[in-house]
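Asker: Sequence and predicted structure are below.
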Protein chains: 2
Amino acid sequence: MSELRWDPLRDNWVIMTLGKGRWPQDFIYPREVLTTKACPFCSGNESRTPPEIYAFRPGGSAPNQPGWSVRVIPNRFPALRIEGELESRAEGLYDCMNGIGAHEVIIETAEHGKTLADLTEEQITEVLKIYRGRMLDLRNDSRFRYLFICKNDGVGAASHIPHSHSQVIAVPVLPPLVETELRTSREHYERKQRCLLCDLIKQEQAAGTRVVSDDGNFIVYAPYAAQFPFGLMIAPVKHKHDFTQQSDQQLRLLAGTLRDTLRRIKAVLRDPPFSFTLHSVPPMHLRWGRQDEWARLPDQFHWHIELAPKLTRMTGFEWGSGFNINPTPPEEAAEFLRRADFSFD
Amino acid sequence: MSELRWDPLRDNWVIMTLGKGRWPQDFIYPREVLTTKACPFCSGNESRTPPEIYAFRPGGSAPNQPGWSVRVIPNRFPALRIEGELESRAEGLYDCMNGIGAHEVIIETAEHGKTLADLTEEQITEVLKIYRGRMLDLRNDSRFRYLFICKNDGVGAASHIPHSHSQVIAVPVLPPLVETELRTSREHYERKQRCLLCDLIKQEQAAGTRVVSDDGNFIVYAPYAAQFPFGLMIAPVKHKHDFTQQSDQQLRLLAGTLRDTLRRIKAVLRDPPFSFTLHSVPPMHLRWGRQDEWARLPDQFHWHIELAPKLTRMTGFEWGSGFNINPTPPEEAAEFLRRADFSFD
């Protein structure tokens, strides 16, 4: 038995397997053994990375020395580089733009072997403050169109270095999935004068079956048309368009929610690889002639984190069609996560 | 060093790593050991599958008995089922459609352990004829909007049963990537009165650097903005919109091209997992009120196969942004494949 479910935010269908859904024990994935020696992200190995951009040093130690708890460095093998002017040209029918952007690594802890789920709420709060700080800094660069925060944890999520870290990527074009979410949010607002994600959150709260947690500040739910098994949406319950405008207190609350969610996932799925991305409003001063179209963006767009354990691999069907097959209904995923026993510390 | 390259067919950017590109020896992936016993796709185990839909039996043996060389069966765990009426409903802001469709498996050889690259041209021709036959049969069902042929080979491509097979999937909605390719092809045609893929093929032929093979009938090239390392486009050189209208002789030529391409990939990348999908024109009688929009589709759309070895994993960046990072420039991939030494039989 299966259903096709349509997600109004992504404007896309998902094939959802019902009945014989895959449960946590059905997913098998390798978890790499962590080797500490020679890890460039470890405390004491600061000289093996490019000089740091920023570090949170509670004891006030010197840059590029031990004593930090969160550290930001340029990616040694960046997908995009910060140097140069943004240039583009036609290449016959194709188009080409030089790879201008930023690609930074946020090392979330000095301790090798700890994952984000193992950190304290205070440590996660510092990581989130650094997300905010790097976004605020990079949006001063008018060559960029969008700033991405993303995290890959574990080999299954294509993370090459097992030491826990996130990435900040600034790109010179608006990514297509963000473009789609901006469009669907704008179209909904134009029809209803309400934010689409606000409406979706209210619907999920009313249904209840797909909600993992809701403390009144942040809600975590498995969307009705989740693309991936155990895929989750994390969003502020009240409308907020811009992650960088979140106060320290709000980031502390988010850190609590994120920690709780990651610990539920770790318990239910036996420490799976996972990824998340943060979708916030594009910087308003980087509109590239879209003044009219984007004028109401702060009312229309609701920032959120999309998180999913990496339990399945993309098949030719998904790659060639653009829609996903999700073998675990979100109702079941949410129930597993709600009931999670994560008293492991 | 990197470039952003834009693909006019997919209407999307790819971040292409230049300079320090990843070469064949840089990719590591497991290749499962094949166990023969209890394989439901092996000759002699016909009773372990649902009754066959069709089989090519050169010696004229009875259905569901040994003696076949290609065999079509219903998928035992289908993503979509053939029984029932197509129904849809709103689910608040979401939408739901019951999972009506078809999901068949084409077992390409009776011999366990052989991949498509190991089969003879004649055997591959029979497989292609069955693709054509199943598409012609399933397009009689007016509940379907699109028919997909796709193949996943190897664990890295999420194939659960190692015995070589492809899949036919009929879906009740037009997949978004097909929708995009139809749109970009239509828009190009409306401006230029020419087929977009015809123009792209001419440009690739003129450049030459990304062409793997071109025998005048079928061209194989690594697109300028390939999404994946060693990702390839296989297409008829002359404009053809509909795979199901290809003659036996044309399928024999395609079989030769496909075999040659798979053997090059096998030699250069040491037998990697791979996937391909076939994009043909949607059946013209299943237009769902798009008579005007689709009237010129046979002139606009050019059928093709998109093929890629599965060498990388999707990261949070790609999943959350909708654009890919390709670590191997197509110019280098094509050169490796052109020079491939595949005298392994």
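Answerer: The structure has been received and is ready for your questions. Numbers count the residues shown, from 1 in each chain, chains lettered A, B, ... in the order given.

Asker: Just the CA coordinates for the helix or strand containing A:Glu187, please, in CSV.
Answerer: Assigned by DSSP states H and E, A:Glu187 belongs to helix A:176-192. What follows is helix A:176-192 as a C-alpha-only set of coordinates in CSV (Å, rounded to 0.1, in the frame of the first residue of the first chain):
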residue,chain,number,x,y,z
PRO,A,176,16.5,26.2,-6.7
LEU,A,177,14.9,24.6,-3.6
VAL,A,178,15.1,27.9,-1.7
GLU,A,179,13.7,29.6,-4.8
THR,A,180,10.8,27.1,-4.8
GLU,A,181,10.1,27.7,-1.1
LEU,A,182,10.2,31.5,-1.6
ARG,A,183,7.7,31.1,-4.5
THR,A,184,5.3,28.8,-2.8
SER,A,185,5.4,31.0,0.4
ARG,A,186,4.7,34.1,-1.7
GLU,A,187,1.9,32.5,-3.7
HIS,A,188,0.2,31.3,-0.5
TYR,A,189,0.5,34.7,1.1
GLU,A,190,-0.9,36.5,-2.0
ARG,A,191,-4.0,34.3,-1.9
LYS,A,192,-4.5,34.1,1.9
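
Asker: outside of the helix or strand that that helix is followed by, which residues touch it?
Answerer: As assigned by DSSP H and E, the chain's next helix or strand after helix A:176-192 is helix A:196-207. By CB atoms under 8 Å, 6 or more residues apart in numbering or on different chains, the list of residues contacting helix A:196-207 from outside reads A:8-9, A:184-185, A:188-189, A:192, A:210-211, A:214, A:219, A:221, A:223-224, A:235, A:237, A:239, A:300-302, A:304, B:92-94. Where you see a C-beta, it was placed from the backbone N, CA and C, and this is true even at glycine.

Asker: now, which of these lie within strands?
Answerer: Judged by DSSP state E, strands contain the following of the contacts of helix A:196-207: A:211, A:214, A:219, A:221, A:235, A:304, B:94.

Asker: Show me which of these are buried.
Answerer: Buried members of these, scored by 16 or more other CB atoms under 10 Å in any protein chain shown, are A:211, A:214, A:219, A:221, A:235, A:304, B:94.

Asker: could those residues be laid out in JSON lines, adding pLDDT and distance to B:Gln246?
Answerer: Listed next are those as JSON lines, based on pLDDT from 0 to 100; distance: CB to CB, whole Å:
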{"residue": "A:Val211", "pLDDT": "98", "distance to B:Gln246": "51"}
{"residue": "A:Asp214", "pLDDT": "98", "distance to B:Gln246": "55"}
{"residue": "A:Ile219", "pLDDT": "98", "distance to B:Gln246": "52"}
{"residue": "A:Tyr221", "pLDDT": "98", "distance to B:Gln246": "47"}
{"residue": "A:Ala235", "pLDDT": "98", "distance to B:Gln246": "49"}
{"residue": "A:His304", "pLDDT": "97", "distance to B:Gln246": "46"}
{"residue": "B:Tyr94", "pLDDT": "93", "distance to B:Gln246": "40"}
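
Asker: Residues of the stretch 1-150 of chain A that sit close to chain B?
Answerer: Contacts of the stretch 1-150 of chain A with chain B, taken as CB under 8 Å from any CB of the partner chain, map to A:1-8, A:12-13, A:15-18, A:20, A:77-81, A:91-99, A:148, A:150.

Asker: Give me the buried entries from those residues.
Answerer: A:2-8, A:12-13, A:15-17, A:78-81, A:93-99, A:148, A:150.

Asker: May I see the buried residues of the helix holding A:Glu187?
Answerer: A:176-178, A:180-182, A:184-186, A:188-189.

Asker: Does that helix reach chain B?
Answerer: Yes: using CB under 8 Å from any CB, helix A:176-192 reaches chain B at A:176-178, A:180.

Asker: Please export the C-alpha coordinates of stretch A:100-107 as CSV.
Answerer: Provided in CSV are the C-alpha atoms of stretch A:100-107 (Å, rounded to 0.1, in the frame of the first residue of the first chain):
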residue,chain,number,x,y,z
ILE,A,100,33.0,32.8,-6.1
GLY,A,101,31.6,32.1,-2.6
ALA,A,102,32.6,31.2,0.8
HIS,A,103,33.0,27.8,2.4
GLU,A,104,33.8,27.7,6.1
VAL,A,105,33.9,24.9,8.6
ILE,A,106,32.5,25.3,12.1
ILE,A,107,34.2,22.8,14.5
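
Asker: how far out from the middle of the chain is that stretch?
Answerer: Remark: stretch A:100-107 is offset 15 Å from the chain centroid, using CA atoms, centre = their mean, to the nearest Å.

Asker: got it, and stretch A:64-84?
Answerer: 19 Å.

Asker: again with stretch A:253-262
Answerer: 13 Å.

Asker: residues in contact with that stretch?
Answerer: Residues contacting stretch A:253-262 (CB under 8 Å, 6+ apart): A:115-117, A:119-122, A:124-125, A:127-128, A:212-213, A:215, A:217-218, A:220, A:232, A:234, A:236, A:246, A:274, A:305, A:307, A:337.

Asker: In chain A, where's the longest helix?
Answerer: The longest helix of chain A (DSSP state H) is helix A:248-269.

Asker: Any regions of the stretch 201-345 of chain A where pLDDT drops low?
Answerer: A:284-289, A:343-345 (pLDDT under 70).

Asker: Could you list the residues of it in contact with chain B?
Answerer: Contact residues (CB under 8 Å from any CB) of the stretch 201-345 of chain A with chain B: A:203, A:207, A:224-225, A:275-277, A:279, A:306, A:308, A:310, A:312-317, A:319-323, A:325.

Asker: Quick check: strands, which of those residues are part of them?
Answerer: Those of these mapping onto strands are A:275-277, A:279, A:306, A:308, A:325, per DSSP E.

Asker: Would you check which pair of those lies furthest apart?
Answerer: Taking CB to CB as the measure, these span a maximum distance of 23.2 Å, between A:His279 and A:Ile325.

Asker: more crowded one of the two?
Answerer: Shown here are A:His279 and A:Ile325; by other CB atoms under 10 Å in any protein chain shown, A:His279 has more neighbours (26 against 21).

Asker: Which residues outside stretch A:63-75 are in contact with it?
Answerer: A:41, A:43-44, A:46-47, A:49-61, A:82, A:103-110, A:123, A:126-127, A:130, A:134, A:167-168.

Asker: Kindly recompute the last result at 6 Å.
Answerer: A:43-44, A:46, A:49-57, A:59, A:61, A:103-107, A:126-127, A:130 (CB atoms under 6 Å, 6 or more residues apart in numbering or on different chains).

Asker: coming back round to it: can you list the buried ones among the ones in strands among the contacts of helix A:196-207 in JSON lines and add distance to B:Arg290?
Answerer: Output for those, formatted as JSON lines (distance: CB to CB, whole Å):
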{"residue": "A:Val211", "distance to B:Arg290": "39"}
{"residue": "A:Asp214", "distance to B:Arg290": "42"}
{"residue": "A:Ile219", "distance to B:Arg290": "39"}
{"residue": "A:Tyr221", "distance to B:Arg290": "35"}
{"residue": "A:Ala235", "distance to B:Arg290": "36"}
{"residue": "A:His304", "distance to B:Arg290": "34"}
{"residue": "B:Tyr94", "distance to B:Arg290": "24"}
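
Asker: What is the nearest of those to A:Phe27?
Answerer: Looking across these and measuring by CB to CB, the closest to A:Phe27 is A:Tyr221, at 20.5 Å.

Asker: Write down the beta-bridge partners of that closest one, one by one.
Answerer: A:Val211, A:Met233 (DSSP bridges).
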